[in-house]
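>>> coordinates for the following, if possible.
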Amino acid sequence: MQPEFTKKYINVFLGLGSNIGNRAANLSAAAELISKNIGKIAKKSRLYETQPWGNPEQDLFLNQVVMVNTTLDPRDLLDKISKIERELGRERREKWGPRVLDIDILFYGKRVIRDKGLEVPHPELHKRAFVLVPMMEIAPDWEHPILKKQIDELYMACDDLSEVVMMDA
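Numbering: from 1, shown residues only. Okay, here's the model as predicted:
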């Protein structure tokens with residue numbers, strides 16, 4: 001077994017969202033569990049209130065993007081994320097439905113992963129203002145490894161005109 005200090009850390013960007021219950025508390029609890037089970041949160045965007053995506057007949061979301069330094073491989077990362085979602089009350093009932101917590105892997109370093117149940121970079125992130133705006137806050141120069149554009153460029157080209165409102169600190 002390798003000593004802990006020889007493991008390679010990867011910068012992973014995660015998108016967090018909640019529109020059931022105390023949304024801010026849900027995101028705070030998620031960040032705490034991410035720190036405990038996945039890795040150190042190196043950067044965290046502010047909270048943004050956003051319109052629901054895909055199914056507009058539900059409450060507004062709070063969204064946030066965090067950058068985490070982790071040694072987990074992509075599949076283990078996905079497993080830990082699913083466990084955190086379940087622990088905080090996530091029930092998967094309908095696509096784009098209301099949820100206590102949703103955590104998406106946006107980027108896993110510069111890697112491109114197309115595997116059963118795991119696509120990284122997230123295949124829709126460049127189409128979603130609720131992801132691009134908080135991502136732009138913490139990493140505007142991050143380059144999408146497939147589209148070869150920085151986050152701020154992706155935002156300027158994004159057709160999603162839904163409101164993304166920064167919440168008071």
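
>>> OK, contacts around the spatially closest residue to residue 146 that is not a sequence neighbour?
Distance criterion Cβ to Cβ, 6 or more residues apart in numbering; nearest residue to residue 146, sequence neighbours excluded, is residue 112 at 6.0 Å. C-beta coordinates here come from the backbone N, C-alpha and C atoms, glycine included. In this structure, residue 112 makes contact with 120, 121, 145, 146, judged by Cβ atoms under 8 Å, 6 or more residues apart in numbering.

>>> I'd say the second one and residue 143 touch.
No - using Cβ atoms under 8 Å, residue 121 is not in contact with residue 143, being 10.4 Å away.

>>> quick one: which of these two has more around it?
residue 121 (20 against 15; other Cβ atoms under 10 Å).

>>> please list all residues in contact with residue 67.
11, 12, 13, 41, 42, 43, 44, 138, 139.

>>> most surrounded residue in those?
Busiest of those [other Cβ under 10 Å] is residue 13, holding 27 neighbours.

>>> which parts of this structure are helices?
23-37, 74-87, 129-138, 151-157 (DSSP state H).

>>> enumerate the positions of the second one that are buried.
Along helix 74-87, the positions that meet the burial threshold by neighbour count (16 or more other Cβ atoms under 10 Å) are 74, 77, 78, 80, 81, 84, 85.

>>> any idea of the pLDDT on the residue nearest the centre of the chain?
Centroid-nearest residue in the chain, with Cα atoms, centre = their mean: residue 15, separated by 1.2 Å. At residue 15, the predicted lDDT confidence score is 97.

>>> ok, now which ones touch the residue nearest to it when sequence neighbours are not counted?
Excluding the flanking residues, the one nearest residue 15 by Cβ to Cβ, 6+ apart is residue 104, at 4.3 Å. Residue 104 sits next to 14, 15, 17, 122, 125, 131 when contact means Cβ under 8 Å, 6+ apart.

>>> give me the mean pLDDT for stretch 68-76.
Mean predicted confidence for stretch 68-76 is 96.

>>> so what's residue 162 up against?
The contact partners of residue 162, taken as Cβ under 8 Å, 6+ apart, are 50, 51, 53, 129, 130.

>>> pLDDT check: weakest of these?
Out of the contacts of residue 162, that is residue 53, at 77.
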